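Asker: fold the following for me, if possible:
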Amino acid sequence: MIDTSGATREADPSPALRAEPPPETGPAAGTADARSGEGPSGGGKAGARPRLRALDGLRLVAALMVAAYHYGGRGGDVTTAWGTSAAHLFPTLHGYFAYGCLGVEVFFVISGFVICMSGWGRTLRSFFASRASRLLPAYWAAVLLVTGVFALPAVVYEAVSPSDLLVNLTMFQQPLGVDRVLGVCWTLWAEIRFYALFALCVVLPGATRRRVVMFCACWTLASVLTVSARQPLLDVVLMPEYAPFFIGGVGLYLVHRDHRDVHGWGITVVSWLIGQHLAVRDLWHAPSADAFSNRSSLGIVLVVTFGFAAVAVMALGVLDRVNWRWLTVAGALTYPFYLVHEHLGWVVIHELHHGLHVPAKATFVLTVVTMLVLAWLLHRLVEKRLTPLLRTALAGPPGGTRTAAPPAPGQDSPAAAPGR
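Answerer: Numbering: from 1, shown residues only. Reported below is the predicted structural model:
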């Protein structure tokens, strides 16, 4: 059995892509729709904004970063798949692939942005239905698929026990210390905790600009204090190592609503400053000949900065004209690709490179393509069929979305008018 009970960042970083907007806002789940009820700078007339398709493209870029890390930027179980260390197969590229784990941080910034957008004007029940219906169908399918493949006699990896499989279906395997079917699901646990904090502090009382600003300020202060407190419970609840990225994304959504929002910019900058420090702290180590790779502190800072800057560019509307429909498809594939790419990718790598002797670089590319095709199948056969059914079952009768008149730039108004 693969030992995935630990959650060490170096051994197991990946993203969670739950950074989705309300399913009602676009034809495909995962489409980022910027319906803030305001003009580009928060002062225009109310109305639907163009979907942020460029944000969907960024999500796929982040997923491919993580895949590059899992296939060629680390040691561990992927070494069994290749038959040797990826550092030997990619003597130059493996050093760059090692930075791919920071795709997780990029995902978390995107998640903060889109979850704030998704939760604005929703009831708690509608928000829960949106999140659960987005996450669970593809997740359940991926857990069952990976378990089934690993149970095959020809596969060199072992499946988890039946009991652990059942626990994995709840998404609570991480806090329960159960072996994980999907190595990447530790990031989903981070996402779930973010959803819970945002739902209780913002969605339940009704989203307003002032409430969102206070949420960001209080979470930032509490997470910083938690680093010094060394209390396990606080670490679990407040996630100080990931909080700046979620908070930074929320701040960027405030900037998206009003480009002149000083508080939104302040939240973003402070989150970036803290986030880059925590990323360097967790991922940098003194150069060593025995290490798989030696990331530089500057390289880590640059990748974190890329994540914040890319979302900021989209928040400011610079890429509003990037409206290619294929980006919507890319966004839809990101979540199922993320779920299956690691463990099933090992199986494909082993069969292609170790079994059929396909060259390493060709194996790398073919594995990514195979996982994208599988992601498309999961999206078409599972998500498009089950997501609407689950959403309807959880959301109940219509009328679960709050609406509100758009506030003037920099002003506050409760998005809590009943009915739709």
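Asker: ok, now which ones touch the spatially closest residue to Gly119 that is not a sequence neighbour?
Answerer: The shortest distance from Gly119 to any non-neighbouring residue, by Cβ to Cβ, 6 or more residues apart in numbering, is to Val203 (4.5 Å). C-beta here means a position set from N, CA and C on the backbone, and glycine is covered the same way. Listed by Cβ atoms under 8 Å, 6 or more residues apart in numbering, the contact set of Val203 reads 119, 122-124, 127.
Asker: where does the stretch 201-350 of the chain dip in pLDDT?
Answerer: Along the stretch 201-350 of the chain, segments meeting pLDDT under 70 are nowhere present.
Asker: which residue ranges of it form helices?
Answerer: 209-229, 232-238, 243-257, 262-283, 297-315, 326-349 (DSSP state H, counting those that start in this stretch).
Asker: which of these is buried the deepest?
Answerer: Neighbour counts (mean count of other Cβ atoms under 10 Å) averaged over each of these peak at helix 243-257, with a mean of 28.
Asker: which strands or helices does it pack on?
Answerer: Packing partners of helix 243-257 (3 or more Cβ pairs under 8 Å, 6 or more residues apart in numbering; DSSP states H and E): helix 103-119, helix 209-229, helix 262-283, helix 297-315.
Asker: before we move on, the earlier item: for Val369, see how far away the residue nearest to Gly119 is.
Answerer: The gap separating Val203 from Val369 is 39 Å, by Cβ to Cβ, to the nearest Å.
Asker: circling back to that earlier point, for ChimeraX, what selects the buried ones among the contacts of Val203?
Answerer: With 16 or more other Cβ atoms under 10 Å as the criterion, this ChimeraX line picks the buried residues out of the contacts of Val203:
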select :119,122,123,127
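Asker: TSV for the contacts of Val203, including pLDDT, secondary structure and distance to Leu89?
Answerer: Formatted as TSV, the contacts of Val203 follow (pLDDT from 0 to 100; DSSP: H, G, I helix; E, B strand; the rest coil; distance: Cβ to Cβ, whole Å):
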residue	pLDDT	secondary structure	distance to Leu89
Gly119	94	helix	44
Arg122	93	strand	47
Thr123	95	coil	52
Leu124	95	helix	49
Phe127	96	helix	45
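Asker: which one of the contacts of Val203 is nearest to Glu158?
Answerer: Phe127 (38.1 Å; Cβ to Cβ).
Asker: surely the closest one meets Gly119?
Answerer: Yes - shown here, Phe127 and Gly119 form a contact pair, counting by Cβ atoms under 8 Å, at 5.3 Å.
Asker: shared neighbours, the two?
Answerer: 199, 203.
Asker: circling back to that earlier point, out of the helices and strands packed on helix 243-257, flag the one nearest Gly331.
Answerer: With Cβ to Cβ as the measure, helix 103-119 is the member of the helices and strands packed on helix 243-257 nearest Gly331 (10.1 Å).
Asker: quick one on the thing from earlier: quick one: closest of the helices of the stretch 201-350 of the chain to Ala159.
Answerer: helix 326-349 (10.2 Å).
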